[in-house]
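A.B. asks: following is a predicted model, sequence given first.
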There are 2 protein chains.
Amino acid sequence: MPLSSYRKFDAALAYTVQAVERTMERLLPRGDAGEARVFEAMRYSSIGGGKRLRAFFVLASATLFKVALLPALRTASAIEFVHAYSLIHDDLPAMDDDDIRRGKPSCHKQFDEATAILAGDALQALAFEVLTHEDTHGDTAVRAALVSELAKASGAHGMVGGQMLDMLAQTHRTDLSIGAITRLQRLKTGALFSFACTSGAILGKAAEPMRSALGGYAHDLGLAFQIVDDLLDVEGNVVELGKTPRKDVVSGKATFVSILGLERARAQASLLAEQAAGHLEPFGNAADLMRQAATFVVTRRA
Amino acid sequence: MPLSSYRKFDAALAYTVQAVERTMERLLPRGDAGEARVFEAMRYSSIGGGKRLRAFFVLASATLFKVALLPALRTASAIEFVHAYSLIHDDLPAMDDDDIRRGKPSCHKQFDEATAILAGDALQALAFEVLTHEDTHGDTAVRAALVSELAKASGAHGMVGGQMLDMLAQTHRTDLSIGAITRLQRLKTGALFSFACTSGAILGKAAEPMRSALGGYAHDLGLAFQIVDDLLDVEGNVVELGKTPRKDVVSGKATFVSILGLERARAQASLLAEQAAGHLEPFGNAADLMRQAATFVVTRRA
């Protein structure tokens, strides 16, 4: 049953979880070669757990342009592989030093640091390998565009740059302004989020205004998502979150919540989610699931 | 002056060093944004130093198929970026724990571990971004093929898998057989080496037998290269090598030299280099530089 046949976001997300995990499972390396330990670590950190919101946005945006299921699932898998690699590396002792991820020991706790570094490296390579395979799209120009956008979103001018800013802010205990935090988050999580939301348009060779509309949606919703992450860090618990809460508070890290306060942060997130949904107008009812997703992002408990 | 106008390998390699470093310099991120520390670390570890042998093989193989200079230089840069990322990550304390690289402090010593991990991650992304840019090739199918081959060569079934095997052998102090060491090295260094030697054929859309011939050359020469690395670990000094020698001996690591002995290892390397050159027959005199390169690989002092 394709995503477009779902009316409710919850059911659509549940479908996404199982469909994309099945695809990822098939794409991950397997076998009992000597180096299988790194295959295991890649699987451990990418399968089981995770909201798969990024995957959902790929599938939902692909639906708008009648993209076939397999290309959308493979693109979603590639993005989830990059997301998984970033979590593995961010959790390392030299980075955020986190022992719990997705409700289980983080990769370097379950395996060891060397294996975790290598598993992250290999997941990044796997993402690009998946995107360039002909099963992802019959048109090589589309495949090349997907690789290019994913590389930009995840590199020094995207996700990695954002994590660098985050590390520097923690090391120097800088008091970041709202503007600086916004920029940090746009890089750290926003860039990959945007690629997920616009990938359907790339796969469907949509006209530029359609892609821009999805870009606007991603821009606003990505920020709302991050503000809620900061709220959950204060208000959540480890069982629901599947990761250590109050890390930001303990480390004295500047977040949207530490600057705006709980009340205003919550209001700002809601406003951004509404604003995000506004960008979906050109798509009419076809974008209903994405509208519901905007509400989910700001009401989620984990 | 294009590479094909050089008659001597030394001059061709010197030309490669400056041409590819100029290209890499242009492709690296720059600017004074907050996250510029990661740009600096990327530049620190990829520019200045390094034999640029992989880059040479890209340029030399491209010459065989009359590929234009810019595509070859961009492809060579992408491979050197991946090579640089692998050295940064391999040198980390959790991996080989090396303080010196290319005659200067390794990336995590010059910066810090977090920055080194991120610089490696971003260099990998940059390599794929470079390959998918239209300046690398006008044909999107060629760009997609380059990305696919690089991803396979550097991922879990290539370079990363080889490093995993190496880590496991060191941890468990396993006595590897010659067969096991050969497989380890084919993955760890051979896969990227092969991609470098065959990339000219991909760029030039060469017929399969031509690509295979280059693959055979890379297969034999890659192994010869590694055996010489093991010899230099025993016989070299830190000034010439630009890295710490006798690490393998001290760690009791199984290498070609520890199993075969100096004499037989040296003989085996020479034999493999001759065998490698044999694969170049179909290219006639046009492959003279690559023949000289085979000799260089087994006579080099660093």
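C.D. replies: That came through, no problem.
A.B. asks: how close does the residue lying farthest from the centre of chain A sit to chain B?
C.D. replies: Distance from the C-alpha centroid of chain A peaks at A:Gly34, with 31.5 Å (CA atoms, centre = their mean). Per CB to the nearest CB, to the nearest Å, A:Gly34 is found 5 Å from chain B. For the C-beta atoms, the positions are set from N, CA and C on the backbone; glycine is no exception.
A.B. asks: for A:Glu129, same thing?
C.D. replies: 4 Å.
A.B. asks: what do you get for A:Met159?
C.D. replies: Taken as CB to the nearest CB, the span from A:Met159 to chain B is 8 Å.
A.B. asks: A:Gln185 is in contact with that residue, correct?
C.D. replies: No - the pair A:Met159 and A:Gln185 does not pass the contact test of CB atoms under 8 Å, sitting 10.8 Å apart.
A.B. asks: compare these two and say which one has the larger neighbour count.
C.D. replies: The neighbour count for A:Met159 versus A:Gln185, taken as other CB atoms under 10 Å in any protein chain shown, is higher for A:Met159 (29 against 24).
A.B. asks: residue contacts, the more buried one?
C.D. replies: For A:Met159, the contacting residues are A:82, A:86, A:153, A:187-189, A:191-192, by CB atoms under 8 Å, 6 or more residues apart in numbering or on different chains.
A.B. asks: same thing but 10 Å
C.D. replies: A:82-83, A:85-86, A:90, A:152-153, A:187-193, A:195, B:118, B:121-122, B:125 (CB atoms under 10 Å, 6 or more residues apart in numbering or on different chains).
A.B. asks: where's the closest residue to A:Gly158 other than its chain neighbours relative to chain B, distance?
C.D. replies: Spatially, and ignoring its direct neighbours in sequence, A:Gly158 is nearest to A:Ala191 (3.5 Å; CB to CB, 6 or more residues apart in numbering or on different chains). Relative to chain B, A:Ala191 is positioned 11 Å away (CB to the nearest CB).
A.B. asks: hmm, the helix or strand containing A:Gly222 touching chain B?
C.D. replies: For A:Gly222, the enclosing helix or strand under DSSP states H and E is helix A:208-235. No - judged by CB under 10 Å from any CB of the partner chain, helix A:208-235 makes no contact with chain B; its nearest approach is 16.8 Å.
A.B. asks: ok now that helix, how far from the chain's centre?
C.D. replies: 11 Å (CA atoms, centre = their mean, to the nearest Å).
A.B. asks: so what's the closest residue in space to A:Pro245 that isn't next to it in sequence up against?
C.D. replies: With CB to CB, 6+ apart as the criterion, A:Pro245 has its nearest non-adjacent residue at 4.8 Å, and that residue is A:Gly236. Listed by CB under 10 Å, 6+ apart, the contact partners of A:Gly236 are A:228-229, A:242-243, A:245-246, A:300-302.
A.B. asks: which ones among those lie within helices?
C.D. replies: The helices, defined by DSSP state H, take in A:228-229 from these.
A.B. asks: top of the contacts of A:Gly236 by neighbour count?
C.D. replies: Note: the member of the contacts of A:Gly236 with the most neighbours is A:Val228, at 25 neighbours, neighbours being other CB under 10 Å.
A.B. asks: so where's chain A shaky on pLDDT?
C.D. replies: Scanning chain A for pLDDT under 70 picks out the ranges A:238-239, A:241.
A.B. asks: the residue most central in space within it: which element?
C.D. replies: Computing the C-alpha centroid of chain A and ranking residues by CA atoms, centre = their mean puts A:Arg54 first, at 4.6 Å. Using DSSP H and E, A:Arg54 falls within helix A:53-64.
A.B. asks: convert the helix or strand following that helix to CSV, retaining C-alpha atoms only.
C.D. replies: Downstream of helix A:53-64, the next assigned helix or strand under DSSP H and E is helix A:69-91. Taking Å, rounded to 0.1, in the frame of the first residue of the first chain, the C-alpha atoms of helix A:69-91 are listed here in CSV:
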residue,chain,number,x,y,z
LEU,A,69,8.1,3.6,-4.5
LEU,A,70,11.5,2.0,-4.9
PRO,A,71,13.3,5.2,-5.9
ALA,A,72,11.7,7.0,-2.9
LEU,A,73,12.6,4.2,-0.5
ARG,A,74,16.2,4.0,-1.7
THR,A,75,16.6,7.8,-1.4
ALA,A,76,15.0,7.7,2.1
SER,A,77,17.5,4.9,3.0
ALA,A,78,20.5,6.9,1.9
ILE,A,79,19.4,9.8,4.0
GLU,A,80,18.8,7.6,7.0
PHE,A,81,22.3,6.1,6.5
VAL,A,82,23.8,9.6,6.6
HIS,A,83,21.7,10.5,9.6
ALA,A,84,22.8,7.2,11.4
TYR,A,85,26.5,7.9,10.6
SER,A,86,26.2,11.4,12.0
LEU,A,87,24.7,10.1,15.3
ILE,A,88,27.4,7.5,15.6
HIS,A,89,30.2,10.1,15.2
ASP,A,90,28.4,12.8,17.3
ASP,A,91,28.1,10.3,20.2
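A.B. asks: who's in contact with the helix or strand following helix A:69-91?
C.D. replies: Later in the chain than helix A:69-91, the nearest helix or strand by DSSP H and E is strand A:100-101. With contacts defined as CB under 10 Å, 6+ apart, strand A:100-101 is touched by A:45, A:49-50, A:84, A:87-88, A:90-91, A:106-110, A:238, A:241-244.
A.B. asks: what pairs with strand A:100-101, parallel or antiparallel?
C.D. replies: strand A:104-105 (antiparallel) (DSSP bridges).
A.B. asks: tell me how far the strand it pairs with lies from the chain's centre.
C.D. replies: With CA atoms, centre = their mean, you get 19 Å for strand A:104-105.
A.B. asks: over to stretch A:228-245?
C.D. replies: For stretch A:228-245, the distance to the chain centre is 17 Å (CA atoms, centre = their mean).
A.B. asks: measure it end to end?
C.D. replies: Length of stretch A:228-245, first residue to last, CA to CA, to the nearest Å: 13 Å.
A.B. asks: helix, strand or coil: sort out the closest residue to A:Gly155 other than its chain neighbours for me.
C.D. replies: With sequence-adjacent residues excluded and distances taken as CB to CB, 6+ apart, A:Gly155 is closest to B:Ala125, at 3.4 Å. Classification of B:Ala125 using DSSP: H, G, I helix; E, B strand; the rest coil returns helix.
A.B. asks: quick check: B:Ala125 vs B:Leu150, distance?
C.D. replies: 12 Å (CB to CB, to the nearest Å).
A.B. asks: before we move on, what about A:Leu73?
C.D. replies: Taking CB to CB, one finds A:Leu73 at 24 Å from B:Leu150.
A.B. asks: quick check: angle from the helix or strand hosting the residue nearest to A:Gly158 to helix A:53-64?
C.D. replies: Using DSSP H and E, A:Ala191 falls within helix A:191-203. If you take axes from the mean of the first three to the mean of the last three CA atoms, to 10 degrees, helix A:191-203 sits at 20 degrees to helix A:53-64.
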